[in-house]
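**Q** Sequence plus the predicted model coming up.
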Amino acid sequence: MSDRDLRPAADGRPTGDDAGTVRELRGRVAARVVGREHELDLLLAAVAAGRDVLLEGPPGTSKSTLLHAVTGEWGIPLVFVEGNADLTPTRLVGHHDPARVLREDYTPENFVPGPLVEAMRTGGFLYVEEFNRAPEDTINTLLTAMAERRIAVPRVGTVAARPTFRLVASMNPYDNIGTTRLSTSVYDRLCRLAIDYQDDAAERDVVALRTGVDSPRLVADAVALTRATRERDDIRQGSSVRGAIDLALVAAQLAAMRGVALPDEPSVAPPRGLPEDYTAVVLDAVLLALSGRVFLDETMEATPESVLREIWEDHFLLEPAAADPG
């Protein structure tokens, strides 16, 4: 069997020597993801064991990236659906084409499958993002599919899931606006994997890979400034690494437009003695890339721009002095 030939067995797990096959799959998936070795092991173990999974963590923590890598290397579909108040059971399961119903009455042939039926029939992963925003009756439909691996569709019949079908849900534990509390029956049917932000070294690797920016200094500053938004008491939720990616890309474009040279000093060096035109470019990029990604405490009267300017000043003006007193 080729190491690319991963055909699922009757129970949905890889065939052949299970441990060896999963190790091969894990190695290929890891090559597509920066860091996340521990989370990858846990996610892959859960889905290879036939379990449904809840990924719980803030935005920008590689949840979708992990799933795309796993399903891509396993060779099965990833069916995406966004959880919100409009995700009714009908939209999730499917509906009959109204025009054809008028001509033909209700038949299995004029049924238009929704994402749940599509994932069950193709043996794919149904990825429900913002799971806790979906209505309760929609979640109950998913509970039936998880528990029975089949659902009854009126005028169509019973839809049985192929062995590789999995439900993978995600939610942001820090967002309580427009969300509902999941019941114990939901948690009882899911393996829960908590995913947090990576360390600064991994985030620098992510930004360097995603942007192609060849200035280690700019990459390091983008990551440090973005991570600082997660550490302040006046910010309820800071920016993910996506903010650092945009910050680096915008700063690189601004620098090119203004004829500002990007520093090429080592990324671990303290940010002291940097040219003012460079730090001014970074400030503009910070305000543009991060102001919409930080959410202040409701009791604060400050603006995102004023808080971000303080973070910029701490990074470029205060921290260098503290690091090199006298």
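**A** Here it is on my side, so go on. For clarity, every value in this text was computed on a predicted model and none was experimentally measured.
**Q** in the stretch 51-200 of the chain, which spans are helices?
**A** For the stretch 51-200 of the chain, the helices defined by DSSP state H, counting those that start in this stretch cover 63-74, 89-93, 98-104, 115-122, 136-148, 184-187, 200-211.
**Q** got those helices as CSV, with mean neighbour count, distance to Tyr278 and mean pLDDT columns?
**A** (C-beta placed from N, C-alpha, C; glycine too.) Listed next are the helices of the stretch 51-200 of the chain as CSV, based on neighbours: other C-beta atoms under 10 Å; distance: least, C-beta to C-beta, whole Å; pLDDT from 0 to 100:
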stretch, mean neighbour count, distance to Tyr278, mean pLDDT
helix 63-74, 20, 31, 86
helix 89-93, 18, 50, 90
helix 98-104, 11, 60, 77
helix 115-122, 21, 47, 93
helix 136-148, 17, 50, 88
helix 184-187, 12, 49, 85
helix 200-211, 19, 17, 91
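**Q** got those helices as TSV, with distance to Val250 columns?
**A** As requested, those are exported to TSV (distance: least, C-beta to C-beta, whole Å):
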stretch	distance to Val250
helix 63-74	22
helix 89-93	37
helix 98-104	46
helix 115-122	35
helix 136-148	38
helix 184-187	40
helix 200-211	10
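**Q** Tell me which of those approaches Glu56 most closely.
**A** Closest approach to Glu56 among the helices of the stretch 51-200 of the chain is made by helix 63-74 (9.0 Å; C-beta to C-beta).
**Q** ok, now how distant is His315 from Leu290?
**A** 12 Å (C-beta to C-beta, to the nearest Å).
**Q** re earlier: tell me which of the helices of the stretch 51-200 of the chain approaches Glu39 most closely.
**A** Closest among the helices of the stretch 51-200 of the chain, using C-beta to C-beta: helix 63-74, at 6.7 Å.
**Q** count of neighbours near the residue lying closest to Glu265 once chain neighbours are set aside?
**A** Excluding the flanking residues, the one nearest Glu265 by C-beta to C-beta, 6 or more residues apart in numbering is Arg217, at 5.3 Å. By the criterion of other C-beta atoms under 10 Å, Arg217 has 20 neighbours.
**Q** hang on, isn't Arg217 packed against Ala261?
**A** No. Here Arg217 does not reach Ala261: they are 10.7 Å apart, not a contact under C-beta atoms under 8 Å.
**Q** what's the closest of the helices of the stretch 51-200 of the chain to Leu247?
**A** helix 200-211 (8.5 Å).
**Q** for that closest one, packing partners?
**A** helix 216-228, helix 241-258 (3 or more C-beta pairs under 8 Å, 6 or more residues apart in numbering; DSSP states H and E).
**Q** list the buried ones in the longest one?
**A** It refers to helix 241-258. Buried residues in helix 241-258, counted by 16 or more other C-beta atoms under 10 Å: 241-252, 254-255.
**Q** ok now do the nearest residue to Ala152 once chain neighbours are set aside, which residues does it touch?
**A** Nearest residue to Ala152 in three dimensions, chain neighbours excluded: Thr158, at 5.3 Å (C-beta to C-beta, 6+ apart). Shown in contact with Thr158 (C-beta atoms under 8 Å, 6 or more residues apart in numbering): 150-152.
**Q** I'd like to know which of the helices of the stretch 51-200 of the chain lies nearest to Ala31.
**A** Each of the helices of the stretch 51-200 of the chain has some distance to Ala31 by C-beta to C-beta; the shortest is helix 63-74, at 8.6 Å.
**Q** Now do the closest one against helix 200-211, angle only.
**A** 70 degrees (axes from the mean of the first three to the mean of the last three C-alpha atoms, to 10 degrees).
**Q** so Ile235 touches Asp297, yeah?
**A** Yes. Counting by C-beta under 8 Å, Ile235 does reach Asp297; the two are 7.0 Å apart.
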